[in-house]
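K.L.:
The following block contains a protein sequence and its predicted model.
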Amino acid sequence: MKIYRSAVPGVEWPAIPMAKPATQMALAYQLMQSQWWPRRLRRAWQARQLVQLLRHAQLTVPFYQTRLMDVVAAKTQNAFVDAWLSVPVLERADVQQHKDELSSNHVPESHGPVTKIETSGTTGTPIATRSTMFAGTMMGAMTLRSHYWRNWDTNLSFACIRHAANGDEDADTGRELPVWGSLTGGVFHTGPGHFLGIRNDIETQADWLARVNPHYLMTYPTNALHLARYCGENGIHLPNLAGIETVSEVVTPEVRRVCKDTWNADIFANYSALETGPIAYQCPDNEHYHVQSEAALVEILDEENKPCPPGVPGRVVITPLHNLAMPLIRYALGDYAEFGEACSCGRTLPVLSRILGRRRNMLVHPDGRKVWLALEAEMFTRVAPVRQFQIIQHALDDIEVRLVVARPMSQDQEGALRERLNEEFLHSFPIRFTYENAIARTPGGKHEEFICRV
C-alpha cells in the first residue's frame, strides 16, 4: 500500500504534493504508460529526445562542436543511424581529461540549478561530472516507477547498509530517520528508516539488523550474501524482512538463493551509475532487467564498437537523455552486459538478460583469451571455513587468493581449493593464498570478488 503525502496544511487527503514531488509523480505516471507502448513508438520518441540533446551539445559544449556535426546535420533516418554509429565512444579518460570542455556554456534556466557529482572511483580513477535539477527529477521518477514495480508497502520500515558520505558521523553506529529517504518520503507516507555504514563488520551489521528488524533492506549483493550466511549460522532471525533491494554490484544466483533460503526474502536489483543515473531495474515478474529507455539510450557494443545482438555480451555504452549541463554521449561505463529477448511480462522496455560487471573482472589466459567467472562462496565453504574471499590476477602466471577464514586451512584444504579454482578458471594457474583479518571494500563501498591487473 502507498499513501501519498500532502504538503498543504489542513489537507491530509486527497494529498496535494509539493512542486517537485508533483513533477516526479506526473513523470512517473507517464512512465507507467510508456512501458507498455509499442517498441516503434517509444523508439521514435526516444530519438526525438536524443536529437534535442545532440543539438544542444553541438551548440553549447565545446567538446562536441565538431564531434557531432555529421549526426546533427543528418537529413534522413538512415543517414542519422550511420552518423550516430560513427560518433566516437566517450571513454572514462576523456571525461577526466576534458571535464571543462564537456560542460555546457548555456544550460536552460528551466532545467534548474547545476550540481557537481563525483564518483568514488572503483578503479582508482574517480571522475567529476555536472548535472541539472531536472535530470535529478527524472531520476526520481524512475525510482518511483521502481517502487510501483516492486510493490513494497511504504508504510512499513526500511533499513539501508551501504557507503556513507564523508562526514556522516552517525554512519558507524546507526542512524534513525523519520522516513525512508528524501525522495520516497517526499511523495509517500512511509514507515521509519534506518541507516548503517558499510564499514561495520558483519557481526555488527547483523546485531544492528536484529535490533531494528526492518521489513525491507537495501545493501550490496555481496553484503547481503555475507549477512544471510552469518545470520543463518548464528541463529539470528529477521522475522519482518520481506524484500531486499541490491545496488552497485552484480547479483548472482547464489545471492538470490541464500537470501531466499535464510530470510524467505526476494531480491529486487537495480543497475545504475552515479554519473548517469538509473540504467535498468529488475523486471517485477522475472530476474532480468528492463532498460529505463525513457531516460537513457543504452547500447551493447563489441570490441570494434559494433552493436551486439541479443545473447552476446559487450560493453555498456550509455547516453543519458536529459542532462544538459554535461552531456555524456556514447559514454563507456566500463561494464559488460548483454541484451535479452522480449520479456514475457508484456513490458516493451529493452531487456538486459545479464550484467557481467567490469572488464577488470575478467580472467586473462596466457593465450590472451578473456573469461568471465561465476564465483560462488559455496565453492570455498565446501572446502574450508572461508568467510570472505577475493581473487587478484597480478600477472598471467600470478594469481593471489585472499581469504578471511574462521580457522587456518590445512595444506590438503589449500590443495583441494587450488584444484577447484583451476577447474573454474579453465586453466592450471599457479595460485598462492594470503590470509587477511578483513578484505576492504572500495571507497564507494563495493566488494570485487575478482580483479584482473594484467
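P.N.:
Great, that's in hand. Numbering: from 1, shown residues only.

K.L.:
Packing partners of the helix or strand encompassing residue 33?
P.N.:
According to DSSP states H and E, residue 33 maps onto helix 19-34. With contacts taken as 3 or more C-beta pairs under 8 Å, 6 or more residues apart in numbering; DSSP states H and E, helix 19-34 sits against helix 133-150, helix 182-187. All C-beta atoms are positioned from the backbone trio N, CA, C, and that covers glycine.

K.L.:
Report the next helix or strand after it in sequence order.
P.N.:
Next along from helix 19-34, by DSSP H and E: helix 39-60.

K.L.:
what separates the helix or strand just after that following helix from the chain centre, distance-wise?
P.N.:
Counting by DSSP H and E, the next helix or strand C-terminal to helix 39-60 is helix 69-73. With C-alpha atoms, centre = their mean, to the nearest Å as the basis, helix 69-73 stands 32 Å off its chain's centre.

K.L.:
neighbouring contacts of helix 69-73?
P.N.:
54, 55, 58, 80, 83, 84, 86, 87 (C-beta atoms under 8 Å, 6 or more residues apart in numbering).

K.L.:
can you give me the strands in the stretch 101-250 of the chain?
P.N.:
Secondary structure of the stretch 101-250 of the chain (DSSP state E, counting those that start in this stretch): strands located at 114-118, 128-132, 158-162, 175-177, 188-189, 193-197, 216-219, 243-246.

K.L.:
Just the residues contacting the third one, thanks.
P.N.:
Spelled out, it's strand 158-162. 180-181, 190-198, 200, 205, 209, 212, 214-220, 223, 227, 247-248, 445.

K.L.:
Any of those residues buried? List them.
P.N.:
Among those, those that count as buried by neighbour count (16 or more other C-beta atoms under 10 Å) are 180, 190-191, 193-198, 200, 205, 209, 212, 214-220, 223, 227, 247-248, 445.

K.L.:
now the strands of the stretch 101-250 of the chain as CSV including mean pLDDT?
P.N.:
Output for the strands of the stretch 101-250 of the chain, formatted as CSV (pLDDT from 0 to 100):
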stretch, mean pLDDT
strand 114-118, 88
strand 128-132, 92
strand 158-162, 94
strand 175-177, 88
strand 188-189, 89
strand 193-197, 93
strand 216-219, 96
strand 243-246, 96
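
K.L.:
Could you export those as TSV, including distance to residue 410?
P.N.:
Output for these, formatted as TSV (distance: least, C-beta to C-beta, whole Å):
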stretch	distance to residue 410
strand 114-118	46
strand 128-132	49
strand 158-162	34
strand 175-177	43
strand 188-189	54
strand 193-197	36
strand 216-219	33
strand 243-246	35
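
K.L.:
Quick one: closest of the ones you listed to residue 143.
P.N.:
strand 243-246 (10.6 Å; C-beta to C-beta).

K.L.:
Next secondary structure after the closest one?
P.N.:
Using DSSP H and E, the first helix or strand after strand 243-246 is helix 253-263.

K.L.:
top of the contacts of helix 69-73 by neighbour count?
P.N.:
residue 54 (22 neighbours; other C-beta atoms under 10 Å).

K.L.:
how near is it to residue 84?
P.N.:
9 Å (C-beta to C-beta, to the nearest Å).

K.L.:
cool, residue 13 as well?
P.N.:
48 Å.

K.L.:
what's the answer for residue 243, then?
P.N.:
Residue 243 sits at a distance of 39 Å from residue 84 (criterion: C-beta to C-beta).

K.L.:
Buried deepest among the strands of the stretch 101-250 of the chain, which one?
P.N.:
strand 216-219 (a mean of 25; mean count of other C-beta atoms under 10 Å).

K.L.:
by contact count, what packs against it?
P.N.:
strand 158-162, strand 243-246.

K.L.:
In CSV: those strands, plus distance to residue 289.
P.N.:
Formatted as CSV, the helices and strands packed on strand 216-219 follow (distance: least, C-beta to C-beta, whole Å):
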stretch, distance to residue 289
strand 158-162, 20
strand 243-246, 12
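
K.L.:
Can you check which of these gets nearest to residue 17?
P.N.:
Closest to residue 17 of the helices and strands packed on strand 216-219, according to C-beta to C-beta: strand 158-162, at 20.2 Å.
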